[in-house]
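**Q** Just the structure for this:
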Amino acid sequence: MKKNKIMRVDQFPNLVWAFVVSFLIMTLLACATPPAVDDAPAEGAVPAPVEEAPVPPPETGSPEGPEYAESRPRVRVRDELTVVLSKGDGVELDFRKSYLASEAQIFTGLYEGLFSYHPFTMEPVPAVAARWVLSEDKKQWTFTIREDARYWNGDPVQAEDFRRAWISLLDPRKESPYSSLFDIIEGARDFRTGRLQDPAQVGIRAETPKTLVIRLNSPASFFPSMLCHHSFSPIHPSMTEVEDWTGISPISNGPFYLLEHQEEAMVLTKNTHYWDADRVSLNRIILRYTEDGDKAASLWNSGEARWISGEVNLENLTDRSGIVVNPLFATHYYFIRSARAPWDDYRIRQALSLVLPWDQIREGYFLPAKTLIYPIPGYPQIAGLDTTDVEKARGLLAEAGFAEGKGLPELVIRLNPSNDAARVGGLMAAAWMEELGLRVKIEVVPYGQYFQALKQNDYEVGFSTWIGDFADPYTFLQMWRRDSNLNDARHNDLDYENLMEESMAEEGEKRWQTLSKAEELLLERGTVLPIFYSPALNVVDVDELDGWFPNALDIHPFKYLSFKTFRPLPGVAKNHEEFQGPINTSGFLCYSLL
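**A** Model prediction:
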């Protein structure tokens, strides 16, 4: 998922910076005794549903909890939640075209695939899939669709809806951003790249109305985690061929459906036909869009908004107890493109990387990044990118036939109009001009047009922030493959392709060793220039909103959210077990923070 929000030290007001530091320190301390988590279900079994914690009774007779002075109004309507999101160029409701993190959050309410995210661990839990069987060679998955899985109009969800939706997403004419995720399915890669014309030869079959069979190229134990992603959702038969979903309410199968969509707000209402509707507490979700941090803060202060997941002026919050900062499986990076000669020669890209003043570039970030992938337990530790060696860089240029930069065309850096981009882009441009003799041009593109501008072939250097779609290194590495629709760098390296192919036939530690070699290649050959690991920042009262937990993907399924009937007194600490719960999530959150 792409994210365009950048977080620097100087964006935090002094009054909350101490809170941020203390939160992360407490995260480290909490790692010593993680809460118990049930083992993964046996193959084909359906795990027990997520149980809600018992709710203590209020301390007074008031249905709203104890009476005490509060810095913002208490919840009055307990079946309605207002969330503030950053305003962009509008929401793309067709998940085949979407790739933004804010849209992924909305889709947890509208759509549901075979599996969905556990709200606490982000592990896959059965959703539309009632059960499944894995073949002896671990390449074929046979899923049984729930009999009671329905769209909001009452129509049943069928296996053919999945097959048709996935084949539509793989259509090479659509260039769907996440189509390369399907490459692990037999024939999918050839079909989406036009080398295979017959969709019947793709390993996706609807054998019966409720039986979906998926054939993979090789075993993939992480396949259920991938299936949590919204791109693997079904589409109602009437919607598959609709090219533009603007202005319509898609016939979706999630716990909510779109009731109203305006420029400044979106309203979701409960899907009473949803198979697990009894577990859904909220009847209505109001999504407010704003790019004004002061406006977002005022919505929180007034009590209208109970969760801010976008830009907000923290200094203007009257109640700062809701500030939640946690590590995120996300990296902000620059990249050097290989689309045009001579930049397709990795020696030149490597030379550009070697002259950068890394300490200056990463100065001020709380979690500076030397690698593309956030360190997770079990994944091999690699050296990362932090070496400055001007003489070696000049030698590489000479070896490539461009001694002292002579003969190299003008290098174009494409940025958006942020102060941070101007600072980092300026440092890069200065190093390349002064140390290598390059001609460098900086282009600034408006925020709303930036991601689309990265798809063009008239620049050499750009930047992005990528949030992993599931807790596996593959989610970061698959987008650098030569025929990936997410490959804005137009990276094309046979050595890299061979390593990625090799990893697809491996499992466990051996697979991660191969993936780490592929990551090293991206760094050593100057394609990816990691800057910092991006933390997640939300404003939400976790003492008030049940089912919301900080996690490494910053995805909080709407299905599980509800308002508690009891809110602790201000300043009263929760017990040790309660405190650990929201912090120790997804296993790797507590790893290598400081």
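**Q** tell me which element residue 324 falls in.
**A** Secondary structure from DSSP states H and E places residue 324 in strand 323-326.
**Q** for residue 412, same thing?
**A** Using DSSP H and E, residue 412 falls in strand 411-415.
**Q** buried ones in the very next helix or strand once past that strand?
**A** Downstream of strand 411-415, the first helix or strand assigned by DSSP H and E is helix 419-436. Neighbour-count burial for helix 419-436, counted by 16 or more other C-beta atoms under 10 Å, picks out 420, 421, 424, 425, 427, 428, 429, 431, 432, 435, 436. (Glycine included, C-beta is placed from N, CA and C.)
**Q** can you list contacts of the strand holding residue 412?
**A** The contact list for strand 411-415, computed with C-beta atoms under 8 Å, 6 or more residues apart in numbering, reads 343, 421-422, 425, 428-429, 432, 438-445, 450, 453-454, 458-463.
**Q** now the residue nearest to residue 166 when sequence neighbours are not counted: how far from residue 215?
**A** Distances taken as C-beta to C-beta, 6 or more residues apart in numbering put residue 204 closest to residue 166, at 5.5 Å, once the chain neighbours are dropped. As judged by C-beta to C-beta, to the nearest Å, residue 204 and residue 215 stand 8 Å apart.
**Q** For those two, indicate the residue with more neighbours.
**A** Legend: neighbour count by other C-beta atoms under 10 Å for residue 204 and residue 215, higher for residue 204 (24 against 17).
**Q** Low-confidence regions, the chain specifically.
**A** 1-70, 88-89, 566-594 (pLDDT under 70).
**Q** from the contacts of strand 411-415, which would you call buried?
**A** 343, 421, 425, 428-429, 432, 438, 440, 442, 445, 450, 453-454, 459-463.
**Q** Which ones among these lie within helices?
**A** Of the buried ones among the contacts of strand 411-415, the ones assigned to helices by DSSP state H are 421, 425, 428, 429, 432, 450, 453.
**Q** Max pairwise distance over those residues: which two?
**A** Farthest-apart pair in these is 432 and 450; separation 21.6 Å (C-beta to C-beta).
**Q** how about the helices in the stretch 51-200 of the chain?
**A** 101-110, 159-170, 188-192 (DSSP state H, counting those that start in this stretch).
**Q** These: which one's closest to residue 373?
**A** That would be, of the helices of the stretch 51-200 of the chain and by C-beta to C-beta, helix 101-110, which comes in at 17.4 Å.
**Q** Show me what that closest one is packed up against.
**A** strand 80-86, strand 256-261, strand 265-270 (3 or more C-beta pairs under 8 Å, 6 or more residues apart in numbering; DSSP states H and E).
**Q** Relative to residue 305, which of those is closest?
**A** Ranked by C-beta to C-beta, the member of the helices and strands packed on helix 101-110 that lies closest to residue 305 is strand 80-86, at 4.7 Å.
**Q** by contact count, what packs against that closest one?
**A** helix 101-110, strand 284-290, helix 293-301, strand 307-309.
**Q** sorry, back to before: how about the helices of the stretch 51-200 of the chain in TSV, adding mean neighbour count and distance to residue 361?
**A** Converted to TSV, the helices of the stretch 51-200 of the chain look like this (neighbours: other C-beta atoms under 10 Å; distance: least, C-beta to C-beta, whole Å):
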stretch	mean neighbour count	distance to residue 361
helix 101-110	24	24
helix 159-170	22	37
helix 188-192	22	36
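**Q** Quick one: closest of these to residue 321.
**A** helix 101-110 (22.4 Å).
**Q** ok so, going back, could the helices of the stretch 51-200 of the chain be laid out in TSV, adding distance to residue 409?
**A** What follows is the helices of the stretch 51-200 of the chain, written out as TSV (distance: least, C-beta to C-beta, whole Å):
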stretch	distance to residue 409
helix 101-110	35
helix 159-170	36
helix 188-192	32
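**Q** Out of those, which is closest to residue 364?
**A** Here helix 101-110 is closest among the helices of the stretch 51-200 of the chain (C-beta to C-beta), at 23.0 Å.
**Q** Let me know the secondary structure of residue 375.
**A** coil (DSSP: H, G, I helix; E, B strand; the rest coil).
**Q** ok, it touching residue 381?
**A** Yes: counting by C-beta atoms under 8 Å, residue 375 does reach residue 381; the two are 7.0 Å apart.
**Q** Name the SS class of the residue nearest to residue 526 when sequence neighbours are not counted, please.
**A** In this structure, residue 526 finds its nearest non-sequential neighbour in residue 349, 3.0 Å apart by C-beta to C-beta, 6+ apart. Secondary structure state of residue 349, per three-state DSSP, is helix.
**Q** Can you add distance to residue 556 and give the helices and strands packed on strand 80-86 back as TSV?
**A** Shown next, in TSV, are the helices and strands packed on strand 80-86 (distance: least, C-beta to C-beta, whole Å):
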stretch	distance to residue 556
helix 101-110	7
strand 284-290	12
helix 293-301	17
strand 307-309	8
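**Q** closest to residue 387 out of those?
**A** helix 101-110 (31.6 Å).
**Q** how near is residue 357 to residue 386?
**A** In terms of C-beta to C-beta, residue 357 sits 11 Å off from residue 386.
**Q** and what of residue 78?
**A** 50 Å.
**Q** One more: residue 553?
**A** Residue 553 is 27 Å from residue 386, by C-beta to C-beta.
**Q** Which one of these two is surrounded by more residues?
**A** The residue with more neighbours, out of residue 553 and residue 386, is residue 553; 24 against 16, by other C-beta under 10 Å.
**Q** Contact partners for the more buried one?
**A** 117, 122, 328, 329, 467, 468, 469, 470, 471, 586.
**Q** and what of residue 284?
**A** 79, 80, 81, 259, 267, 268, 269, 270.
**Q** one more time with 10 Å, if that's ok
**A** Residue 284 makes contact with 77, 79, 80, 81, 82, 256, 259, 267, 268, 269, 270 under the criterion C-beta atoms under 10 Å, 6 or more residues apart in numbering.
**Q** Filter those residues down to the buried ones.
**A** 80, 81, 82, 256, 267, 268, 269, 270.
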